[in-house]
Structures are given as structure tokens and as C-alpha cells.
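Student: when you get a sec, could you give me coordinates for this:
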Amino acid sequence: MKNISLWIIPVLLFLWGVLPASQAFAEDGHAEKMVLERGLMCESIENFQPVNPAVVFSIGNEEVYCYSEFDPVYEKVKIFHKWFKKDKLIFSMPLTLSPPKWASLSKIQLRDADKGPWRVEIQDLEGNILKTLRFGISD
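Tutor: Model (predicted):
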């Protein structure tokens with residue numbers, strides 16, 4: 001028994017040093033990339049925090065922001081904010097998240113032609129939709 005404990009300790013120390021301490025694993029054994037804690041649409045950003053979250057925005061605001069906050073982030077990973085007007089993709093903004101937590105944003109400049117229903121899909125690199133944010137632009 002004494003011989004077994006002599007080799008178990010060095011093996012455990014080796015594994016502890018080789019495996020990243022910040023890496024977490026899901027129940028299925030796959031490494032987790034990040035957790036979307038909060039996603040919302042807002043009028044502006046101040047001190048990297050969303051201001052006046054809403055689902056309907058006035059064309060007079062001039063801008064609308066998509067804010068996404070991830071905590072925790074286990075490894076550097078890309079996400080996308082995909083902006084759709086009605087069902088047409090207008091643009092896709094690639095964003096990089098870094099550990100241990102990260103907030104990201106994208107925005108559009110509003111024009112009269114932008115009135116109507118919109119959505120932003122927050123997607124991971126594989127195209128999985130993490131959250132859909134629906135909003136409208138009006139007078």
C-alpha cells in the first residue's frame with residue numbers, strides 16, 4: 001500500500017500542473033466555452049454598461065446597441081452578433097471573448113429606412129443561437 005501512495009501523489013501533481021485550472025467540463029465531458037449571463041438591447045453604453053434597455057426604440061435615438069455579457073469565459077472564443085431586419089441578415093459582427101469574464105457590444109446607426117421589426121441573434125462559432133433579442137424601430 002505504501003508503494004501505491006508514493007506514485008499516486010506525483011501523478012496527481014503532474015495532472016494538476018498540466019490541466020488548466022480554469023478549464024471546466026460539462027457533464028458530457030466536453031470543455032465549456034462560456035456562459036451567456038445577460039443579453040439585451042439598449043439605447044447607449046456608459047462605463048461599459050447598458051443604458052435604457054428596451055424592446056422599442058425611437059428613430060430619434062440615432063443608435064441601438066446589442067450588449068452581451070459572458071461569465072464565466074473558460075477560454076478565448078469567438079461569438080457573433082447577427083443583426084436581422086425582418087428576416088434579412090443586415091450584418092454579422094464577430095466578437096472575441098477572453099477569460100475570466102467578458103462583455104461585448106455591437107451597434108447600428110439608425111436611418112428612416114430602419115423602421116420596423118429587428119432581431120439580433122447571439123451565436124457561437126458553430127452557429128448555435130445562444131439568445132435571440134427581438135426589438136423594433138419606430139417614429
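
Student: so where do the helices sit in the protein?
Tutor: 2-18 (DSSP state H).

Student: quick one: strands adjacent to the longest strand seen in the chain?
Tutor: Determined from DSSP state E, the single longest strand within the chain is strand 34-46. Strand pairing for strand 34-46, determined by DSSP bridges: strand 49-53 (antiparallel), strand 63-73 (antiparallel).

Student: just name the most buried of those.
Tutor: Looking across the strands paired with strand 34-46 with neighbours counted as mean count of other CB atoms under 10 Å, the highest average goes to strand 63-73: a mean of 21. Just so you know, the C-beta spots here come from the backbone N, C-alpha and C atoms, and that holds for glycine as well.

Student: before we move on, the earlier item: a markdown table for the strands paired with strand 34-46, including distance to residue 130?
Tutor: Formatted as a markdown table, the strands paired with strand 34-46 follow (distance: least, CB to CB, whole Å):
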| stretch | distance to residue 130 |
| --- | --- |
| strand 49-53 | 17 |
| strand 63-73 | 8 |
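
Student: now what about stretch 75-84, what contacts it?
Tutor: 22-23, 31, 33-34, 66, 68, 70, 89-99, 104-106, 108, 118-125, 130 (CB atoms under 8 Å, 6 or more residues apart in numbering).

Student: can you flag the buried ones in these?
Tutor: With burial judged by 16 or more other CB atoms under 10 Å, the buried subset of these is 33-34, 66, 68, 70, 93, 95, 97, 99, 104-106, 108, 118-124, 130.

Student: how near is residue 79 to residue 102?
Tutor: 9 Å (CB to CB, to the nearest Å).

Student: what about those two, which has more around it?
Tutor: residue 79 (24 against 19; other CB atoms under 10 Å).
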